[in-house]
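**Q** Test case, fold it:
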Amino acid sequence: MTDTWTLPDAGDLPTFLAGLPPGLLAGRRVLVTGAARGLGWAFAQSIARAGGRVVLADILADEVQAGAAGLRESGCDAQALALDLNAPESINSVADAAIAHLGGLDGLVNNAAITNSGGRDPDELDVQTWDRVMQVNVRGAWLMSRACRLALAASGQGAIVNLASDTALWGAPRLLAYVSSKGAVIAMTRALAREWGGEGITVNAIAPGLTKVEATAYVPQARHQHYLDGRALRREQQPADVCGAVLFALSGLSRFVTGQLLAVNGGFVMH
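**A** The predicted model follows:
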C-alpha cells in the first residue's frame, strides 16, 4: 500500500452533467473561485450545464483560461479571471470584472482554499502556514463576499455558497490550520446570513468529505481508508457527489434556506 493515491478519471461527473435539468440555473450569473481544477472545476461545469453563465477564477491562470475555453467550445457561457485570494486588490478587481462581464451577479461560490497544511501536529505547525491558510481560506472568502454583496443584493436572488469541510465537524488530526479555517468559514456563513438576509442574500455552507481531487492528492491512504470504513455509503467520494448540493444552494429551490451547513460526505459525519 502506498502513502498516496493516483488521481483517477472523472468518475461519474460526465453522467451527472448529462442528467442535469438544463433550466435549473437558467440565466443565473455565477462567480466560482478555485475553478481551475478539482471541486471548483466540477462546480463550474455543473453551473454552466444547468444553464448558468459562469466566471471561473483561480490563481492557476493558464489552467482556468483553458477550462473556460473548453466550456465555451461546448456552447456554454464561461469566462476566466486570474485571482489571488491572498491579495485584497486582486479580490476586488476580480469581483468588479466578473460583475461587469455578467451584467450583475446572482451567485458566488467561495471554493478556493489552501488545503495542504497537514502532516504536522499543533506543536510543529509554523505561524507562517497558519497565517497563510487563514488569510486565503477565511479572509479571502469574507473579502470576496463583501466585494460581491451589492451586486448579489441587486439581483433579488443572490446566493453565496461557502465551501467548508467535514474535517471541522470531527476534528481531523494533523490538519489544525485547515480544520480551524473551515470551522471559521462555517461560523462566518451563519453570521453573514444574519447580516445580509434583509437584502435577500442567502448564505449557506457545504461541507464535503475527503474527495478525490488534485488538492487532496497529498492525503495518506490511511486517511482515505478511515473515511471508507466510517461512511454509511462505502465508496470513495468524487467531485460529482458535491455538485448537486451546490446547485441546490444556488437555485430557486433554496430561497428560504440560509445560514445552514450541509455535510456531503456519504454519512461519515451525520450533521
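**Q** For the protein, name the helix or strand with the lowest mean pLDDT.
**A** helix 13-18 (a mean of 85; mean pLDDT, DSSP states H and E).
**Q** Report the buried residues of that one.
**A** Residues of helix 13-18 classed as buried by neighbour count (16 or more other Cβ atoms under 10 Å): 13, 16-17. Where you see a C-beta, it was placed from the backbone N, CA and C, and this is true even at glycine.
**Q** before we move on, what about stretch 86-93?
**A** 88, 90-91, 93.
**Q** ok so, going back, just the CA trace of the least confident helix or strand of the chain, in CSV.
**A** Provided in CSV are the C-alpha atoms of helix 13-18 (Å, rounded to 0.1, in the frame of the first residue of the first chain):
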residue,chain,number,x,y,z
LEU,A,13,-19.1,13.6,-13.4
PRO,A,14,-20.0,13.2,-17.2
THR,A,15,-23.0,11.2,-16.2
PHE,A,16,-24.0,13.7,-13.6
LEU,A,17,-23.6,16.6,-16.1
ALA,A,18,-25.6,14.8,-18.8
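**Q** quick one: that helix to chain centroid distance?
**A** Centroid separation for helix 13-18 versus its chain: 18 Å, with Cα atoms, centre = their mean, to the nearest Å.
**Q** of the buried residues of stretch 86-93, closest to residue 270?
**A** Distances from residue 270 to the buried residues of stretch 86-93, taken as Cβ to Cβ, are shortest for residue 91 (34.7 Å).
**Q** my hunch is that the closest one is in a strand, does that hold up?
**A** No. Residue 91 is assigned helix when assessed by DSSP: H, G, I helix; E, B strand; the rest coil, not a strand.
**Q** I'd like the distance between it and residue 214.
**A** 23 Å (Cβ to Cβ, to the nearest Å).
**Q** Likewise for residue 142?
**A** Taking Cβ to Cβ, one finds residue 142 at 25 Å from residue 214.
**Q** higher neighbour count, the two?
**A** Shown here are residue 142 and residue 214; by other Cβ atoms under 10 Å, residue 142 has more neighbours (17 against 13).
**Q** With adjacent residues omitted, what lies nearest to the more buried one?
**A** Distance criterion Cβ to Cβ, 6 or more residues apart in numbering; nearest residue to residue 142, sequence neighbours excluded, is residue 188 at 6.2 Å.
**Q** related to what we said a few turns ago, next, format the buried residues of helix 13-18 as a markdown table and append distance to residue 261.
**A** Shown next, in a markdown table, are these (distance: Cβ to Cβ, whole Å):
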| residue | distance to residue 261 |
| --- | --- |
| 13 | 24 |
| 16 | 22 |
| 17 | 26 |
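**Q** quick check, nearest of those to residue 37?
**A** The closest of the buried residues of helix 13-18, once distances to residue 37 are taken by Cβ to Cβ, is residue 13, at 12.4 Å.
**Q** Next, the contact list for the closest one, please.
**A** 42, 45, 238-240, 243 (Cβ atoms under 8 Å, 6 or more residues apart in numbering).
**Q** Mind checking which of these land in helices?
**A** 42, 45, 240, 243 (DSSP state H).
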